[in-house]
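Participant: Need the 3D shape of this:
(one chain, ligands or ions: 1)
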Amino acid sequence: MRPLDQLEATIRQRQQAGEADKSYTAKLLAGGVAKIGPKVTEEAAEVVEAAAEPDEAGREHTIREAADVVYHLMVLMAARGVELAEVECELARRFGMSGLEEKASRGPVNQ
Ligand SMILES: N=c1c2ncn([C@@H]3O[C@H](COP(=O)(O)OP(=O)(O)OP(=O)(O)O)[C@@H](O)[C@H]3O)c2ncn1[C@@H]1O[C@H](COP(=O)(O)O)[C@@H](O)[C@H]1O
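Facilitator: From the prediction side, this is the model:
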């Protein structure tokens, strides 16, 4: 199983089990988008700061912070019932389309 698939399965298991006292994931999920959203924003800012650090230490710090972003983003997706496969489908749909074309193809609510 790919690590992202395994992480998604773990998050789903925590979502079903609840038990916010035993699991950080369950605690986040109990707070809903209002709790998880700011964590995603915070972790995104931290990866940007890490990426600005020089040398190999900065590169390795970027890896760890990127993992934090991906984890918290996946918890946010789970909170909204969004599956990784759906995000992958959306990314695949964009293959071969320039970012500018993709922007022009968005509906008015998704700008
Ligand atoms: N990948 C992760 C992961 N990445 C980061 N984190 C946690 O994210 C938190 C981020 O730290 P911060 O200092 O920013 O936040 P905090 O101050 O601890 O928490 P807040 O009160 O600010 O929300 C830390 O507690 C990290 O341990 C993660 N917690 C869990 N996972 C995965 O989820 C699995 C299940 O974890 P539990 O749900 O805790 O059992 C784990 O085995 C991992 O595979």
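Participant: Run a quick neighbour tally on the residue nearest to residue 102 when sequence neighbours are not counted.
Facilitator: Once flanking residues are discounted, residue 102 sits nearest to residue 94: 5.4 Å by CB to CB, 6 or more residues apart in numbering. Bear in mind the C-beta positions are built from the backbone N, C-alpha and C, glycine included. Counted with other CB atoms under 10 Å, the neighbours of residue 94 add up to 13.
Participant: residues touching the residue nearest the centre of the chain, list them.
Facilitator: The centroid of the chain falls nearest to residue 73 when counting by CA atoms, centre = their mean (2.0 Å). By CB atoms under 8 Å, 6 or more residues apart in numbering, the contact list for residue 73 reads residue 40.
Participant: hmm, who's touching the helix or strand bottoming out on mean pLDDT in the chain?
Facilitator: Least confident helix or strand, the chain: helix 99-105 with a mean of 83, by mean pLDDT, DSSP states H and E. For helix 99-105, contacts defined as CB under 8 Å, 6+ apart pick out 94, 97.
Participant: now stretch 29-36
Facilitator: 11, 14, 15, 18, 20, 28, 72, 75, 76, 78, 79, 80.
Participant: State which helix of the protein is the longest.
Facilitator: Ordering each helix of the chain by length in residues (DSSP state H) puts helix 24-51 first.
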